[in-house]
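Engineer: sequence and predicted structure, then a few things I'm wondering about:
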Amino acid sequence: MFPLVAFACILNAFGQNADPAASETMSPGQISSYREQAIKSIFDLETYLQIISNKKKSLPQRNMSLDLAIDLFQSDTVTVETSSLKSPVIHTYTIRLYLNKLKLLPYTSVKIIWYKVYLSETFTLGADGNYYGTATFLQRFEGKSNNEMGSYKDVTQKKIQIILKKVDGFNGPERNIRFILKLGDIKVEETPHV
Amino acid sequence: MYRFSFLVVFLMVVFSKAANAQINPGADSVMLRKFDFEDKEMAEFFDRFNFKEPVQFADSLKPSRVKNIVSLFNLKDAKLYHAPETLTFLKFTSNDTNKIYLNYGDKNWFAFAHCSFLYHNKTVTTDIILKPEGDSAHGYQWLIADVKSNLLAVPVKGKTPSFINPMNHEIGFTELSKALNNKGGIFGYTPLSYHPDPLSAFLFMLKNGDLKFIQINSVDFQFLQVPGWIFSVKNFNRSEYNSGWLIYSLSRMDETEKINYIKNHFIN
């Protein structure tokens, strides 16, 4: 199962480069064509999170998913906010640190499900040439443990920045500008009791 | 006008009932419905205000622009939604012939990031005011327009005049030495034309490490682009349908007042 998922995700990573735009800016129609890809990237990340946190998977599989998850992001300086019903404090980690912490969570099993994604149609051109949008989604987290830590579950509303990153290059002698979809910072909006 | 008022009052009552209805967060289906109602992002606020994203609030209610805009108010604030100004605002903005639309590229909207900093081992709060700058061809970015903080407040000039005598240069500005030790009265030694620039002071304090950033506590927005009005929007994070980015303050403000307001509050 895992090699198939990984292969599909690698294909997707290449697929992100498949729609080069000829000019430095995109029409609303062109931007809109990235919406599906944005949703796909978000759910790819969810798949990786599930594998990274799954202690039944082998360590190499989990480490590979961690690297693939990081590849979905704009850079490894991207930050992720986390919250817990046990504390009002919101912690902020860089993406790699967050994923490593996820890998080492002291639960025997962890279930992370993302659902109900809202993606605004608005992508705004930044002064750096990239386009920026935001998606909001609900995350259900369930951690089960046999030790004194017990089980924990919550539903969190989160936001993730979506970036259509401009890549300026050449296709032979011709200038070729294309946009690659990347994920950005993740912010916690709300953690209600479930 | 009477029919419109009746419709708005009816909508207010319907929506405020929904707003006051506590959601049982344990029920997934209710949470999902809340997710649909909630104004989750500022982009969604714009889309709902402009009726680009019609919202179906109840099966029996056909979506309309006025319903969309009503839903963008904090309906738990009865004083706000019963105010006659709110009704006038709704009538004005929802009338398509007035062409009132909000766009990211509008010049007259600002964000306030309410932040905490550490200054001499004490936590101080500071509001950073940001404005979007750019155009649709070259792209946009948020820029720091100004900063508000008690830390940067200019002291009122004291009763004792600050004074360096006119011939004090002859003796090497001895009174300047005294002035520079007079912390409380130092601003009194500046020309009448001097206008302190809190933003520069803030940036230097950050750069020099005197001020250390802790966190952004909350963010809200002010919109001045609707002719004759100013309104503020903040995030209501609550388990209710009427939640997310909502209007919590609305006042009349003519265009001259707006120019002065921007000059006094946003541009140092």
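Structural biologist: All right, it came through fine. Residues are numbered from 1 along each chain as shown, chains lettered A, B, ... in the order given.
Engineer: contacts, neighbours, all on C-alpha from now
Structural biologist: Will do.
Engineer: just the helices in chain A please.
Structural biologist: A:2-15, A:28-32, A:34-53, A:59-71, A:95-103 (DSSP state H).
Engineer: on contacts alone, who are the packing partners of the last one?
Structural biologist: Contact partners of helix A:95-103 among helices and strands, from 3 or more Cα pairs under 8 Å, 6 or more residues apart in numbering or on different chains; DSSP states H and E: helix A:34-53, helix A:59-71, strand A:79-84.
Engineer: starting at the chain centroid, how far to the last one?
Structural biologist: So the one you mean is strand A:79-84. Here strand A:79-84 is found 13 Å from its chain centre; the criterion is Cα atoms, centre = their mean, to the nearest Å.
Engineer: lowest average pLDDT across the helices of chain A?
Structural biologist: Ranked by mean pLDDT, the helices of chain A end with helix A:2-15 at the bottom, a mean of 42.
Engineer: right, and chain A sits closest to which residue of the stretch 1-150 of chain B?
Structural biologist: Nearest residue of the stretch 1-150 of chain B to chain A: residue B:139, at 4.1 Å (Cα to the nearest Cα).
Engineer: can you give me the buried ones in the longest strand along chain A?
Structural biologist: For chain A, the longest strand by residue count, based on DSSP state E, is strand A:152-171. Taking 16 or more other Cα atoms under 10 Å in any protein chain shown as the neighbour-count basis, strand A:152-171 is seen to contain the buried residues A:153-167.
Engineer: quick one: list the elements packing against that strand.
Structural biologist: strand A:131-144, strand A:174-190.
Engineer: quick one: which of these is nearest residue B:77?
Structural biologist: Of all the helices and strands packed on strand A:152-171, the one in closest proximity to residue B:77, counting by Cα to Cα, is strand A:174-190 (21.5 Å).
Engineer: between strand A:79-84 and that closest one, find me the angle.
Structural biologist: In this structure, strand A:174-190 runs at an angle of 20 degrees to strand A:79-84, with axes from the mean of the first three to the mean of the last three Cα atoms, to 10 degrees as the basis.
Engineer: strand A:174-190 to strand A:131-144, inter-axis angle?
Structural biologist: Computed by the same axes, to 10 degrees, the angle separating strand A:174-190 from strand A:131-144 equals 40 degrees.
Engineer: which residues are contacting strand A:174-190?
Structural biologist: For strand A:174-190, contacts defined as Cα atoms under 8 Å, 6 or more residues apart in numbering or on different chains pick out A:16-17, A:19-24, A:34, A:37-38, A:41, A:72-75, A:78-83, A:90, A:130, A:156-170, B:237.
Engineer: need the next SSE after the helix or strand bottoming out on mean pLDDT in chain B, C-terminal direction.
Structural biologist: Of all the helices and strands that make up chain B, helix B:2-20 has the lowest average by mean pLDDT, DSSP states H and E, namely a mean of 58. Following the chain from helix B:2-20 toward its C-terminal end, the next helix or strand by DSSP states H and E is helix B:28-37.
Engineer: pull the CA atoms of the very next helix or strand once past that following helix into PDB?
Structural biologist: Taking DSSP H and E as the definition, the helix or strand that follows helix B:28-37 towards the C-terminus is helix B:42-49. Extracted in PDB, the C-alpha atoms of helix B:42-49 (Å, rounded to 0.1, in the frame of the first residue of the first chain):
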ATOM      1  CA  MET B  42     -11.300  37.600   5.300                       C
ATOM      2  CA  ALA B  43     -11.500  36.500   1.600                       C
ATOM      3  CA  GLU B  44     -14.800  34.900   2.500                       C
ATOM      4  CA  PHE B  45     -15.900  38.100   4.300                       C
ATOM      5  CA  PHE B  46     -15.200  40.000   1.000                       C
ATOM      6  CA  ASP B  47     -17.000  37.400  -1.100                       C
ATOM      7  CA  ARG B  48     -20.100  37.400   1.200                       C
ATOM      8  CA  PHE B  49     -20.200  41.200   1.400                       C
END
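Engineer: what angle sits between helix B:42-49 and strand A:131-144?
Structural biologist: Computed by the same axes, to 10 degrees, the angle between helix B:42-49 and strand A:131-144 is 110 degrees.
Engineer: which regions of the stretch 51-200 of chain B sit below the pLDDT cut-off?
Structural biologist: Applying pLDDT under 70 to the stretch 51-200 of chain B picks out residues B:59, B:157-160.
Engineer: how about the residues of it near chain A?
Structural biologist: Contact residues, the stretch 51-200 of chain B versus chain A (Cα under 8 Å from any Cα of the partner chain): B:134, B:136, B:137, B:138, B:139, B:140, B:141.
Engineer: again, only using 7 Å
Structural biologist: Contacts of the stretch 51-200 of chain B with chain A, taken as Cα under 7 Å from any Cα of the partner chain, map to B:138, B:139, B:140, B:141.
Engineer: backbone dihedrals for the first one, please?
Structural biologist: The reference is to residue B:138. When read as degrees, to the nearest 10, the backbone of residue B:138 gives phi -110, psi 0.
Engineer: hang on, the earlier thing: could I get the helices and strands packed on helix A:95-103 as a markdown table with mean neighbour count?
Structural biologist: Written out in a markdown table, the entries for these read as follows (neighbours: other Cα atoms under 10 Å in any protein chain shown):
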| stretch | mean neighbour count |
| --- | --- |
| helix A:34-53 | 20 |
| helix A:59-71 | 18 |
| strand A:79-84 | 19 |
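Engineer: ok, the residue of the stretch 1-150 of chain B closest to chain A touching residue A:126?
Structural biologist: Yes. With contact defined as Cα atoms under 7 Å, residue B:139 reaches residue A:126; the gap is 4.3 Å.
Engineer: name the element the closest residue to residue B:34 other than its chain neighbours belongs to?
Structural biologist: Residue nearest to residue B:34 in three dimensions, not counting chain neighbours: residue B:241, with 4.9 Å by Cα to Cα, 6 or more residues apart in numbering or on different chains. Here residue B:241 is covered by no helix or strand, with elements defined by DSSP H and E.
Engineer: quick one: the strands in the stretch 151-268 of chain B?
Structural biologist: Shown for the stretch 151-268 of chain B, the strands assigned by DSSP state E, counting those that start in this stretch span residues B:211-223, B:229-236, B:244-252.
Engineer: dump the helices and strands packed on strand A:152-171 into JSON lines; add mean pLDDT, distance to residue A:118 and mean neighbour count as well.
Structural biologist: Rendered in JSON lines, the data for the helices and strands packed on strand A:152-171 read as follows (pLDDT from 0 to 100; distance: least, Cα to Cα, whole Å; neighbours: other Cα atoms under 10 Å in any protein chain shown):
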{"stretch": "strand A:131-144", "mean pLDDT": "92", "distance to residue A:118": "5", "mean neighbour count": "20"}
{"stretch": "strand A:174-190", "mean pLDDT": "90", "distance to residue A:118": "14", "mean neighbour count": "20"}
